[in-house]
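Visitor: A structural model of the following input is requested.
(chains A and B)
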Protein chains: 2
Amino acid sequence: MKEGKMKVVVDAFGGDNAPLEIVEGAVLATSENQNLTVVLTGDKEKIYSILGDRTERVEVVDAKDVITNDDTPTLAIRQKKDSSLVRAFDVLKENDDVVGLVSAGSTGAVLTGAILKIGRIKGISRPALCPILPTIKAGKGVMICDSGANVDCKSEHLLHFAIMASAYSAIMSGEDNPKVALLNNGAEEHKGNELCKQTYPLLKKLPINFVGNVEARDVMSGDVDVIVTDGFAGNVLLKGVEGVASGMSKLISQEAKKNIFSMLGALMMGKFRGLKAKMDVNKYGGAPFLGCKKLVVKTHGNAKREVVKNTILQVVKLHESGLNEKIEALVSQMTEKLGDVVGGENG
Amino acid sequence: MKEGKMKVVVDAFGGDNAPLEIVEGAVLATSENQNLTVVLTGDKEKIYSILGDRTERVEVVDAKDVITNDDTPTLAIRQKKDSSLVRAFDVLKENDDVVGLVSAGSTGAVLTGAILKIGRIKGISRPALCPILPTIKAGKGVMICDSGANVDCKSEHLLHFAIMASAYSAIMSGEDNPKVALLNNGAEEHKGNELCKQTYPLLKKLPINFVGNVEARDVMSGDVDVIVTDGFAGNVLLKGVEGVASGMSKLISQEAKKNIFSMLGALMMGKFRGLKAKMDVNKYGGAPFLGCKKLVVKTHGNAKREVVKNTILQVVKLHESGLNEKIEALVSQMTEKLGDVVGGENG
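Guide: The predicted structure is shown next:
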């Protein structure tokens, strides 16, 4: 456990609710953790007009430009040098006391910036995005790694995803041996596409609690803690779940409108809003981009202050718990055991 | 439109509710369509004990063995020659007046039997399973092709899936130019894994109404009619949707139990059951295995008589509308246009 003062840099102009909700979330985070200083990047005047006199443990780095979802990520990171996101990566890279970055901006730009500006942990060839999905067990989430950063994968990459997400899950849940499963089209060991068939026997050799295959229909059961998959299938899973939840919500509203007892209808809809909150991925904070030299966490584009605060405090927790050191240790154990198979493109 | 008498063979011992619900479903189908004769395969005595004197336009072919989900599909099809499923494939293969097969049994065994016993339409290298998912637009479904028969795919296969599912969707919906989309991790043309990037420009050249990429979150919107994807991602999508719908159903029940107004709670649950029925994939009938020389339709393992009846009548509709002839015509148009790219492994 690392304790003491630290800084987290926050892209104040990323996301649908920037800068107001981002700045307010940052202020909330500093008031919950006295060791924390937040560095906000973006238009200085606008940020200060929101902050007013609440400047204790809040620093501001001016940046006049903004990267949007319409920008091509690689071009934007290379060319928009005065954007709030690129400035945030500069702050993260150049300062030892800044331990992580939070952005609600373009996912592609955040991932590209992390790779180009911060780089990978030794031995990890492909950092991966690892959001949490809710399950039907109260308070319990399941991590999906990778969920879209790497759409074409080899076994080696899935092994890296497995150890990184296992370390991450252990920190977030406090459980020592999170259950790690492989997303597959059947439960039996021999099932799957070529990638799954090659990866399954190797996962069994890792220093993690690998429990076998999981089918997409059991993802929300809460029986496993981490689901390992290539980024294409992970993205289909994550967005499919979002889509059904939102589709069912619309259907239920339609049903409620048909109901002649309007009060009953309204009650039902209220009930469902509560349920929707329970199912809501955002409340868990953000999705870390696992495998970068420093902590980079993407929070949802529509995140409001509470979620922004949670995401910043999530970075603090991951830093204090030594996530990256744990990943490094697991990678070297893995390399010892599996040798060439998982050498990594850079390691 | 082909009219006149025809037969459909039904595996009476496949699925959780066999033989009772299967036999009853077959009887219902014959009474709705006077041109239809159903051939039931399975233990003759048990089938007749259910049928009683309702034997008009019902034939029975004896089969003492049953293939279960625990059997390895290839071994089972090869070795269990006296199983209800293998006998059903024999009947389908050997009789010109038998136009299609329905089974609620092991999906793997049905697919394997179709390939080994019936074979593929000329030019189609990989038949594909094509179930319908419900959408939020009333009465409108979306077809997912492939949903698990082919877990490793090349562009050529996805092109075949696209034309087969387009022809199928046109028949089922009555719309001439169903909208066909490619499942992808982003909406823009350049998005996707290697498979998607290679397939996208080829899909644009097909004689179908290709409308671009669709993300998993928009699957239930009802904006597109057919979603083309490799069988691994299709399986993740299909089962993911099933899993969330069932997970949310459990959560809603939990919420309802907490409610102090028990009547309100009960009403809510009743409301939700109606909704669940609306969301239920089974009511659409079965999932055809597109691209086989004769019609093969897999219905859900827990199908009851109504669904079995719908599936049998679906086979009649597909036969009368000339699905396979339409697929053949599209394949030859495609081969003319794209040449070597889509030559097919058997074409």
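Visitor: quick one: the strands in the stretch 101-250 of chain A?
Guide: Assigned by DSSP state E, counting those that start in this stretch, the strands in the stretch 101-250 of chain A fall at A:128-129, A:132-134, A:141-145, A:179-183, A:209-214, A:226-228.
Visitor: can you list the weak-confidence ranges in chain A?
Guide: Along chain A, segments meeting pLDDT under 70 span A:249, A:251-284, A:340-347.
Visitor: Nearest to chain B among the strands of the stretch 101-250 of chain A would be which one?
Guide: Chain B lies closest, by Cβ to the nearest Cβ, to one member of the strands of the stretch 101-250 of chain A: strand A:179-183, at 6.6 Å. All C-beta spots, glycine's among them, are computed from the backbone N, C-alpha and C.
Visitor: Point out the most buried one among the strands of the stretch 101-250 of chain A.
Guide: strand A:226-228 (a mean of 31; mean count of other Cβ atoms under 10 Å in any protein chain shown).
Visitor: re the thing from before, could you export the strands of the stretch 101-250 of chain A to a markdown table, including columns for distance to chain B?
Guide: As requested, the strands of the stretch 101-250 of chain A are exported to a markdown table (distance: least, Cβ to the nearest Cβ, whole Å):
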| stretch | distance to chain B |
| --- | --- |
| strand A:128-129 | 11 |
| strand A:132-134 | 9 |
| strand A:141-145 | 11 |
| strand A:179-183 | 7 |
| strand A:209-214 | 10 |
| strand A:226-228 | 10 |
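Visitor: Including distance to B:Lys197, could those strands go into a markdown table?
Guide: Formatted as a markdown table, the strands of the stretch 101-250 of chain A follow (distance: least, Cβ to Cβ, whole Å):
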| stretch | distance to B:Lys197 |
| --- | --- |
| strand A:128-129 | 20 |
| strand A:132-134 | 27 |
| strand A:141-145 | 23 |
| strand A:179-183 | 22 |
| strand A:209-214 | 28 |
| strand A:226-228 | 24 |
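Visitor: Nearest to A:Val244, out of the ones you listed?
Guide: strand A:132-134 (11.9 Å; Cβ to Cβ).
Visitor: CA atoms only for stretch A:36-53 - export them in CSV, please.
Guide: Only the C-alpha atoms of stretch A:36-53 are listed here, as CSV (Å, rounded to 0.1, in the frame of the first residue of the first chain):
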residue,chain,number,x,y,z
LEU,A,36,-5.1,14.3,-3.5
THR,A,37,-4.4,17.2,-5.8
VAL,A,38,-6.2,17.4,-9.1
VAL,A,39,-4.7,19.0,-12.2
LEU,A,40,-7.3,20.2,-14.6
THR,A,41,-6.4,20.8,-18.3
GLY,A,42,-8.4,23.0,-20.5
ASP,A,43,-9.5,26.6,-21.1
LYS,A,44,-8.1,28.3,-17.9
GLU,A,45,-10.7,31.1,-17.7
LYS,A,46,-13.7,28.8,-18.1
ILE,A,47,-12.3,26.4,-15.5
TYR,A,48,-11.6,29.2,-13.0
SER,A,49,-15.1,30.7,-13.6
ILE,A,50,-16.5,27.3,-12.4
LEU,A,51,-14.0,26.8,-9.6
GLY,A,52,-14.5,30.3,-8.0
ASP,A,53,-12.5,30.3,-4.8
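Visitor: Could you list the residues in contact with it?
Guide: Defining contact as Cβ atoms under 8 Å, 6 or more residues apart in numbering or on different chains, one finds that stretch A:36-53 is touched by A:5-13, A:18-20, A:22-24, A:26-27, A:29-30, A:55, A:57-64, A:66, A:84-85, A:87-88, A:91, A:98, A:312, A:316.
Visitor: for stretch A:305-315, same thing?
Guide: Contacts for stretch A:305-315 (Cβ under 8 Å, 6+ apart): A:8, A:10, A:21-22, A:24-26, A:28-29, A:32-33, A:36, A:38, A:99-102, A:104, A:172, A:282-286, A:288, A:295, A:297, A:299-300, A:303.
Visitor: mind checking the end-to-end distance for stretch A:175-187?
Guide: 24 Å (Cα to Cα, to the nearest Å).
Visitor: meant to ask about stretch A:95-110
Guide: Distance across stretch A:95-110, first residue to last, is 19 Å (Cα to Cα).
Visitor: Which stretches in chain A count as helices?
Guide: A:20-32, A:44-51, A:73-79, A:84-94, A:107-113, A:155-173, A:194-203, A:231-258, A:262-279, A:305-320, A:323-338 (DSSP state H).
Visitor: Make a markdown table out of these and add mean neighbour count.
Guide: Compiled in a markdown table, the helices of chain A are given as follows (neighbours: other Cβ atoms under 10 Å in any protein chain shown):
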| stretch | mean neighbour count |
| --- | --- |
| helix A:20-32 | 22 |
| helix A:44-51 | 15 |
| helix A:73-79 | 17 |
| helix A:84-94 | 23 |
| helix A:107-113 | 25 |
| helix A:155-173 | 25 |
| helix A:194-203 | 19 |
| helix A:231-258 | 22 |
| helix A:262-279 | 16 |
| helix A:305-320 | 22 |
| helix A:323-338 | 17 |
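Visitor: Can you tell me which residues in the stretch 1-150 of chain A are near chain B?
Guide: Applying Cβ under 8 Å from any Cβ of the partner chain, we find that the stretch 1-150 of chain A lies next to chain B at A:Thr135, A:Ile136, A:Gly148.
Visitor: Can you tell me how far the closest residue to A:Thr30 other than its chain neighbours is from chain B?
Guide: Nearest residue to A:Thr30 in three dimensions, chain neighbours excluded: A:Arg57, at 4.7 Å (Cβ to Cβ, 6 or more residues apart in numbering or on different chains). Taking Cβ to the nearest Cβ, to the nearest Å as the measure, A:Arg57 falls 38 Å from chain B.
Visitor: do the same with A:Met248
Guide: From A:Met248 across to chain B, the span is 6 Å (Cβ to the nearest Cβ).
Visitor: Please apply the same query to A:Lys117.
Guide: 23 Å.
Visitor: Run a quick check on that residue versus A:Ala88, I expect a contact.
Guide: No: A:Lys117 lies out of contact with A:Ala88 (Cβ atoms under 8 Å); the separation is 9.4 Å.
Visitor: Contacts only, for the residue positioned nearest the centre of chain A.
Guide: Against the mean C-alpha coordinate of chain A, by Cα atoms, centre = their mean, the closest residue is A:Ala287 at 0.8 Å. Contacts for A:Ala287 (Cβ under 8 Å, 6+ apart) come out as A:Leu129, A:Cys130, A:Pro131, A:Ile132, A:Ser147, A:Val297, A:Lys298, A:Thr299.
Visitor: do that again at 10 Å, thanks
Guide: With contact taken as Cβ atoms under 10 Å, 6 or more residues apart in numbering or on different chains, A:Ala287 is in contact with A:107, A:110, A:128-132, A:143-145, A:147-149, A:238, A:281, A:296-300, A:311, A:314.
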